[in-house]
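Undergrad: For reference, the sequence and a predicted model appear below.
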Amino acid sequence: MTGKFQYPTSGTCSRLIEIEVEEGIIKNVGFIGGCHGNLQGIGALVKGMTPEDVIARLENIKCGNKPTSCPDQLSKALRLMIGMQ
């Protein structure tokens, strides 16, 4: 799997996630909106990982009283991208 993907987030301060994958490895993740420093950190941490590994680590993380978070939205984007519904 190779390509660039965009995912409009829901229920978070960030509005959009941009993901670049090359040969099944995450090359870049960028968030539009949200807590810039924290989201840059998430992007840096997941770089070089497989989408499946990122999903396993970030899925179902909550932000305060919200039912989701930016990391959880990234896991949802990756699930959709690789066809894991």
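TA: Happy to help now that I have it.

Undergrad: for the longest helix anywhere in the chain, which positions count as buried?
TA: What stands out as the longest helix in the chain, according to DSSP state H, is helix 70-82. Buried positions in helix 70-82, judged by neighbour count with 16 or more other Cβ atoms under 10 Å: 70-79, 81-82. C-betas here are computed from N, CA, C, even on glycine.

Undergrad: now do stretch 3-18
TA: Within stretch 3-18, the residues that qualify as buried by neighbour count (16+ other Cβ under 10 Å) are 5, 7, 9, 12, 14, 17.

Undergrad: Inside strands: which ones of these?
TA: 5, 7, 14, 17 (DSSP state E).

Undergrad: farthest pair in those?
TA: Using Cβ to Cβ, the pair of those lying farthest apart is Phe5 and Ser14, separated by 14.9 Å.

Undergrad: if I pick Ser10, what's in contact with it?
TA: Taking Cβ atoms under 8 Å, 6 or more residues apart in numbering as the contact definition, Ser10 lies against 68, 73.

Undergrad: Please shift the residue numbers so they start at 147 in all later answers.
TA: Sure, I'll start numbering at 147, so the last one becomes Ser156.

Undergrad: pLDDT score for it?
TA: For Ser156, the pLDDT comes out at 97.

Undergrad: Report the contact partners of the most far-flung residue of the chain relative to its centre.
TA: Summary for the chain: using Cα atoms, centre = their mean, the residue whose C-alpha lies farthest from the chain's mean C-alpha position is Asn211, with a distance of 19.7 Å. Applying Cβ under 8 Å, 6+ apart, we find Asn211 in contact with no residue.
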